[in-house]
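A.B. asks: Got a predicted structure plus its sequence, pasted below:
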Amino acid sequence: MIPHNITSNDSQQTTCESITDARPRLHDFRGKAAVITGAASGIGLALAEALAARGVDLALADIDAHGLDAARARLASTGRRIFTRVLDVSSDADVRDAAAEFEAELGSVHLVFNNAGIDMSGELASLSEQDWQRAFGINVFGVIHGIRHFLPLLRRHGEPAHIVNTASGAGFWVNSDFPMGAYAATKYSVVALSEALEQELSGTGIGVSVLCPGPVKTPIAEHSIRASEQFKAIVAAGTPPERVASQALEAIRAGEFYIFTPTRMRPRLEKRFGRILDALERAPDMTNGPATT
C-alpha cells in the first residue's frame, strides 16, 4: 500500500483550525428547548436526562408509548418542562404534526436530535422488501423528515442552534463479523445527509453533528428479531449511553461535526480508506483523457 501524503502537516493543521473556528457553537444550554426522537430508551433517554440536568426543556418522541410514559416519570423531578408524543418517524405527516405541536408547547427550539433507529441484521438477499422499507423508513427517512420539519424550528429564531443526526460507526465501514449490510447502508446514508446538511447550513449559525457510536448498551439488539446472539452480547457490553450523551453535548459545545464513541474500528477504517486511495492512484489522470482499456 502506497503512502498518501496529500498535504503537509502545517497545512492540514491550519485548514482544520480554520474550519473548526468557523463552526457555530451553542455554548449555553440552560433555558433552551430540545427535540429528541427515539427518546424512550438508550441514547435518546440518556440525552434527555443529560439535557434536563443542564436546564433544557424537552420534547420527547418515540414509537414506544409505554417507554415514553416511563421516561416522562423519570424526568419529572428535574423541574423542566417535559412533553412527549408517540411518533412514527417514518411518516412525514406525523413528523410535520409533531414539529408544530412541539413548537406550540415549547416555543423556540434550539436543539434537535434525530436519534430514532433500528437494527436490520441479515444477509442482503435474505431481507424482504418490507425489511428494507422499514430499515430505510426509520433510519434514513426518519432523519430526512426531521430535517424537513424540525430544522425550520431552528431557523425561525435566528439564534445559535444545533442539530445532531445519529448514524453509527457502521456508517463508515461494513463489519464483516456480522451480516449487517442493510443497517450499514442506512447509516452511510445518515453520514452523507449530515455532511450535506453541514455544507448547506454553513454561515447560518446552526451547527450540525453526526453521532457515530460504536457498540452502545441500548435495547436496539433486544428489540430486533434478526440480531445474532454474538451481536446482542457485544451490544450488552457496549459503552453506557450516559457516557455517549455526555460526549455528544460536549461535542456540540466544541462545534465538532463527527462524534465517535470508544471503538476499535480505527485499523479497519485505515484499511478501507487506504484501499480507496490506492484505487484512486491507479485511476487514469483526467488530463490524459478517458482510458481506452
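C.D. replies: That came in fine, so what should we check first? It should be emphasised that the depicted structure is a prediction, and the values quoted were computed from it without experimental measurement. Numbers count the residues shown, from 1 in each chain.

A.B. asks: Could you report the separation of Ser77 from Glu270?
C.D. replies: According to C-beta to C-beta, to the nearest Å, Ser77 stands 46 Å off from Glu270. To be clear about C-beta, it is placed using only N, CA and C from the backbone, and glycine gets the same treatment.

A.B. asks: Could you check which of the two has the larger neighbour count?
C.D. replies: Neighbours per residue (other C-beta atoms under 10 Å) separate Ser77 from Glu270, with Glu270 holding more: 11 against 8.

A.B. asks: which is the next helix or strand following the helix or strand hosting Ile147?
C.D. replies: Using DSSP states H and E, Ile147 maps to helix 141-149. The element immediately downstream of helix 141-149 (helix or strand, assigned by DSSP H and E) is helix 151-156.

A.B. asks: So which residue is smack in the middle of this structure?
C.D. replies: For the chain, the residue nearest the mean C-alpha position is Thr166 (1.4 Å; C-alpha atoms, centre = their mean).

A.B. asks: Contacts only, for that residue.
C.D. replies: Gly38, Ile43, Phe113, Asn114, Asn115, Ala116, Gly117, Val190, Val210, Leu211, Pro213 (C-beta atoms under 8 Å, 6 or more residues apart in numbering).

A.B. asks: Now pLDDT and secondary structure too, for the residues you listed, in a markdown table please.
C.D. replies: Below are the contacts of Thr166 laid out as a markdown table (pLDDT from 0 to 100; DSSP: H, G, I helix; E, B strand; the rest coil):
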| residue | pLDDT | secondary structure |
| --- | --- | --- |
| Gly38 | 97 | coil |
| Ile43 | 96 | helix |
| Phe113 | 98 | strand |
| Asn114 | 98 | strand |
| Asn115 | 97 | coil |
| Ala116 | 97 | coil |
| Gly117 | 94 | coil |
| Val190 | 98 | helix |
| Val210 | 98 | strand |
| Leu211 | 97 | strand |
| Pro213 | 92 | coil |
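
A.B. asks: Just want the phi and psi numbers for Ile163.
C.D. replies: phi -130, psi 130 (degrees, to the nearest 10).

A.B. asks: ignore the last one, Ala61
C.D. replies: Torsion angles, degrees, to the nearest 10, at Ala61: phi -130, psi 140.

A.B. asks: Use 770 as the first number for this chain going forward.
C.D. replies: Noted, 770 is the first residue going forward, which turns the last one into Ala830.

A.B. asks: Looking at strand pairing, list the partners for it.
C.D. replies: Judged by DSSP bridges, the bridge partners of Ala830 are Thr806, Arg854.

A.B. asks: my guess is it meets Asp857, correct?
C.D. replies: No. Using C-beta atoms under 8 Å, Ala830 is not in contact with Asp857, being 9.4 Å away.
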